[in-house]
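Asks: With the sequence up front, the predicted model follows.
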Number of protein chains: 2
Amino acid sequence: MHKLIKFFDIKKKTTIKDIAKALNLTSSTVSRALNDNPRISNKTKEAVRLAAKELNYEPNYLASALRKGKSNLVGLIIPRANSNFFSSIVKSVGDRLSLDGYNIIITQSNESYERECENIESLLYTQVDGIIASLANDTVQLDHYEKIKSKGIPLIIFDRGEDALGVDYIGIDDYLSSFKVVEHLYDQGCRRIAHIGGYRHTRIYQNRIEGYIDALKKYNLPVEDDLIIESTLKREDGRKAMEDFLKLGHRPDAVYAAGDFATLGALQVLQEHKISVPDEVALVGFSNEPFTSLITPSISSIEQHSEAMGRIAAETFLDRINHPEKPVKLNKIVLDTELIIRQSSNRNK
Amino acid sequence: MHKLIKFFDIKKKTTIKDIAKALNLTSSTVSRALNDNPRISNKTKEAVRLAAKELNYEPNYLASALRKGKSNLVGLIIPRANSNFFSSIVKSVGDRLSLDGYNIIITQSNESYERECENIESLLYTQVDGIIASLANDTVQLDHYEKIKSKGIPLIIFDRGEDALGVDYIGIDDYLSSFKVVEHLYDQGCRRIAHIGGYRHTRIYQNRIEGYIDALKKYNLPVEDDLIIESTLKREDGRKAMEDFLKLGHRPDAVYAAGDFATLGALQVLQEHKISVPDEVALVGFSNEPFTSLITPSISSIEQHSEAMGRIAAETFLDRINHPEKPVKLNKIVLDTELIIRQSSNRNK
DNA sequence: TTTAATAGTGCAAACGTTTGCACAAATATT
DNA sequence: AATATTTGTGCAAACGTTTGCACTATTAAA
């Protein structure tokens, strides 16, 4: 019997009111004391803190959030969590925002437009203070993102974005990265460079294709439709594209793929055909997936500095929150990429 | 001027009260209508829904959560987000819980005990409905987890856990997995099998070591301290351990490492010494990291079915939430692992 | 026809904080 | 000594929902 009462005592959470009652104060004073308000005397503050410890007080952020209109939650929308790039973003965004007392709610679009819409609704209803997102492949319409903007909460886009949104964007220079790749391949003596790209309707892949083409033009290399294949950049896509390239009358002597997995597929096909890499066909990928440095031959790739991207996205959000007066407009932050040259494209030895 | 008013009108969010006012009803009725309460007439429900659309109503989950004492948020505590295993858990937990209307808040302990404590506090203050966690390497004390239990909210542990917590646990049979590895190596003709393990204070590594030893005993193979090295299982650790093994008077003819990166390090050292794998030394890793199938020779490894683990962890939480009457006790769910035999340990060809 | 049950809605309090304003006491200014 | 300022605290409303209870009007049972 006694035990039962004790049991319920423990279950019942103590609130600010309980502390107030215990000290013969009001909730207001206790709240202010706990928040270190300068108008409260040190004596009272001490007493409140002590009582809080004593009574095992734990704040209720929900109540606080409701009253203050600030949840200290940030929504993070990513296509999927189990990819090297995005999980690295999760890590860096999470690490950075936790420093400022924010928690992140993760939602995955699974590359679906509908899911993305649902995610946004759910996050808005949960009253997040901001949203950091990368668009799903499926996403063409942007109305739901406009909704975020119209509510006046910060929206930060990274990696996959659209200028039309007119918000903060953190990404890399896809065009220039592609350009660098082609220049490198040209340096290695390649004169017929093919490209396995992503679908053009996604901005970043469009840019990669343009950079590739412009670099070809700069060096007077052939720009041919047969040498450009758009796909979802999975390993299978790379295999298939490579098979197609090999069927051409005039084979490419280099293949640049906009993703490492596609590059891997291409490599495997080449190996199966006993075509030497990089001497007969040089290969370069994109994203610098961990495996690129581990396999033989190791694959040259573009490092996107995803950790930095996540951190900067987080900091951009914080800046918005702390300076709400700043007008929202397209604000592109472009990070440098790094071409990491490995065996698959290094003919100098 | 007019524009300004319009502007503020848009900014001001509409609440249940606004709908009530517009329809000459009370908040209670509107709330019930929106929640499809049977006591409300269909006519009113329709009217309310229409008005909600009309006025662009969006619910405030925070307010609802406060009143109902249920946030529909679940805390997920992982050592770090950017690892293959954990990011896969994030994906599967997220996908599963979203089906039931839960959002997940991710926090990373970064393998630190203090961070883990902070994470738990933060999640509890945020009033999450449950916590799904995997312990940091640093974690030895468990008081903070007891706190979760004592608050009566479901706590689900996966992968790295301690029986002492006495809660739901989802993991694999580390002992048996190790055992299987050794049996396989024995089948391949290996008679002197070394082990690169994780530190014993983490339960799962302890179990892996025990399984390894017991299997050795079963086959009357030598169990020697020199053949067991504990480490953090990074690639460098694997390199160092392998170098040490090679210095032994009597070299091992197989190395089983409790992590794939350590295995990779060992492989590289062997290749540098021109020692053939698997013929002179066979190798088996653990976790089935993506790269294990991509490198040459491909590395045999243990697949832990992380997607299933995450899904089941999520479902275990849901079960707890839906059946709060069930007594909380140690409840181990053990998933089967799969030994994937690849080139690094396959001598039959 | 009276009584009992049912259907549909409203009232008001509650969830746990925060905060603008008011106020008294203490201190500083003239 | 009278007035002005500062310091510390309380009052009460607010944030947007939900929900137990009460109430009326309608329908069913007796």
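Replies: Structure received.

Asks: wouldn't A:Lys91 be in contact with B:Asn82 here?
Replies: Yes. At 4.2 Å, A:Lys91 counts as touching B:Asn82 under the criterion of Cβ atoms under 8 Å. Backbone N, C-alpha and C define where each C-beta goes, glycine included.

Asks: Neighbour count for the two, which is higher?
Replies: A:Lys91 (24 against 20; other Cβ atoms under 10 Å in any protein chain shown).

Asks: Enumerate every residue touching that one.
Replies: A:307, A:310, B:80-82, B:108 (Cβ atoms under 8 Å, 6 or more residues apart in numbering or on different chains).

Asks: again, 6 Å this time
Replies: When contacts are counted by Cβ atoms under 6 Å, 6 or more residues apart in numbering or on different chains, A:Lys91 touches B:81-82.

Asks: Go ahead and list the helix or strand containing it.
Replies: helix A:84-99 (DSSP states H and E).

Asks: I'd like the distance from that helix to the chain centre, please.
Replies: Averaging C-alpha positions (Cα atoms, centre = their mean, to the nearest Å) puts helix A:84-99 8 Å from its chain's average.

Asks: now that helix: mean pLDDT?
Replies: Across helix A:84-99, pLDDT averages out at 97.

Asks: Now the element after it, going C-ward?
Replies: Next along from helix A:84-99, by DSSP H and E: strand A:103-108.

Asks: Summarise which helices and strands that following strand is packed against.
Replies: strand A:73-78, strand B:103-108 (3 or more Cβ pairs under 6 Å, 6 or more residues apart in numbering or on different chains; DSSP states H and E).

Asks: Would you list the strands that the first one pairs with, along with their directions?
Replies: Strands adjacent to strand A:73-78 in the sheet, as given by DSSP bridges, are strand A:103-108 (parallel), strand A:130-133 (parallel).

Asks: Output those as JSON lines; include the columns mean neighbour count and mean pLDDT.
Replies: Formatted as JSON lines, the strands paired with strand A:73-78 follow (neighbours: other Cβ atoms under 10 Å in any protein chain shown; pLDDT from 0 to 100):
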{"stretch": "strand A:103-108", "mean neighbour count": "24", "mean pLDDT": "98"}
{"stretch": "strand A:130-133", "mean neighbour count": "26", "mean pLDDT": "98"}
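
Asks: would you turn those strands into a markdown table with distance to DNA strand D?
Replies: Output for these, formatted as a markdown table (distance: least, Cβ to the nearest atom of the strand, whole Å):
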| stretch | distance to DNA strand D |
| --- | --- |
| strand A:103-108 | 19 |
| strand A:130-133 | 18 |
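
Asks: Looking at these, which is nearest to B:Ser28?
Replies: strand A:103-108 (29.9 Å; Cβ to Cβ).

Asks: and A:Leu73, how many residues sit next to it?
Replies: The burial count for A:Leu73: 23, using other Cβ under 10 Å.

Asks: list the contacts for it?
Replies: A:103, A:105, A:128.

Asks: which ones are touching the first one?
Replies: Meaning A:Asn103. A:73, B:105.

Asks: what does the last one give?
Replies: With contacts defined as Cβ under 6 Å, 6+ apart, A:Val128 is in contact with A:73-75.

Asks: With respect to chain B, which of the residues you listed is nearest?
Replies: Of all these, A:Leu73 has the smallest distance to chain B: 7.4 Å, by Cβ to the nearest Cβ.

Asks: bridging residues for the closest one?
Replies: The partner list for A:Leu73 in beta bridges (DSSP bridges) reads A:Asn103.

Asks: what's the angle between the helix holding A:Lys91 and strand B:103-108?
Replies: Taking axes from the mean of the first three to the mean of the last three Cα atoms, to 10 degrees, one finds that helix A:84-99 is oriented at 80 degrees with respect to strand B:103-108.

Asks: Okay, buried residues for helix A:84-99 please.
Replies: By neighbour count on 16 or more other Cβ atoms under 10 Å in any protein chain shown, the buried set for helix A:84-99 is A:84-98.

Asks: of all the residues you listed, which comes closest to DNA strand D?
Replies: The closest of the buried residues of helix A:84-99 to DNA strand D turns out to be A:Leu97 (Cβ to the nearest atom of the strand; 24.0 Å).

Asks: Isn't the closest one up against A:Ala314?
Replies: Yes. Between A:Leu97 and A:Ala314 there is a contact under Cβ atoms under 6 Å: 5.0 Å.

Asks: separation between the residue in the stretch 201-349 of chain A that DNA strand D sits nearest to and A:Phe317?
Replies: With Cβ to the nearest atom of the strand, the shortest gap between the stretch 201-349 of chain A and DNA strand D falls at A:Pro324, namely 17.4 Å. A:Pro324 sits 12 Å away from A:Phe317, going by Cβ to Cβ, to the nearest Å.

Asks: And A:Ser109, by the same measure?
Replies: 19 Å.

Asks: any low-confidence regions in chain A?
Replies: A:1-11, A:349 (pLDDT under 70).

Asks: Name the residues of it found near chain B, please.
Replies: A:59, A:61-63, A:65-66, A:81-82, A:87-88, A:90-91, A:94, A:103-106, A:108, A:125-127, A:291, A:294-296 (Cβ under 6 Å from any Cβ of the partner chain).

Asks: So which residues of chain A form helices?
Replies: A:2-11, A:16-23, A:27-34, A:42-54, A:61-68, A:84-99, A:113-125, A:143-150, A:174-187, A:203-218, A:235-247, A:260-272, A:306-322 (DSSP state H).

Asks: For those helices, give me a markdown table that also has distance to A:Asn346.
Replies: Output for these, formatted as a markdown table (distance: least, Cβ to Cβ, whole Å):
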| stretch | distance to A:Asn346 |
| --- | --- |
| helix A:2-11 | 66 |
| helix A:16-23 | 66 |
| helix A:27-34 | 62 |
| helix A:42-54 | 63 |
| helix A:61-68 | 54 |
| helix A:84-99 | 23 |
| helix A:113-125 | 40 |
| helix A:143-150 | 42 |
| helix A:174-187 | 9 |
| helix A:203-218 | 19 |
| helix A:235-247 | 20 |
| helix A:260-272 | 14 |
| helix A:306-322 | 24 |
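
Asks: Columns distance to DNA strand C on top of the ones you listed, output as JSON lines?
Replies: Formatted as JSON lines, the helices of chain A follow (distance: least, Cβ to the nearest atom of the strand, whole Å):
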{"stretch": "helix A:2-11", "distance to DNA strand C": "11"}
{"stretch": "helix A:16-23", "distance to DNA strand C": "3"}
{"stretch": "helix A:27-34", "distance to DNA strand C": "3"}
{"stretch": "helix A:42-54", "distance to DNA strand C": "10"}
{"stretch": "helix A:61-68", "distance to DNA strand C": "3"}
{"stretch": "helix A:84-99", "distance to DNA strand C": "19"}
{"stretch": "helix A:113-125", "distance to DNA strand C": "16"}
{"stretch": "helix A:143-150", "distance to DNA strand C": "24"}
{"stretch": "helix A:174-187", "distance to DNA strand C": "43"}
{"stretch": "helix A:203-218", "distance to DNA strand C": "40"}
{"stretch": "helix A:235-247", "distance to DNA strand C": "51"}
{"stretch": "helix A:260-272", "distance to DNA strand C": "47"}
{"stretch": "helix A:306-322", "distance to DNA strand C": "15"}
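
Asks: I'd like to know which of those lies nearest to B:Phe261.
Replies: helix A:84-99 (14.3 Å).

Asks: my guess is A:Phe286 meets A:Ala258, correct?
Replies: Yes. If you go by Cβ under 6 Å, A:Phe286 and A:Ala258 touch, sitting 5.0 Å apart.

Asks: more neighbours, these two?
Replies: Neighbours per residue (other Cβ under 10 Å) separate A:Phe286 from A:Ala258, with A:Phe286 holding more: 33 against 30.

Asks: Next up, the contacts around the more buried one.
Replies: Contacts of A:Phe286 by Cβ under 6 Å, 6+ apart are A:258-259, A:302.

Asks: Much appreciated, bye for now.
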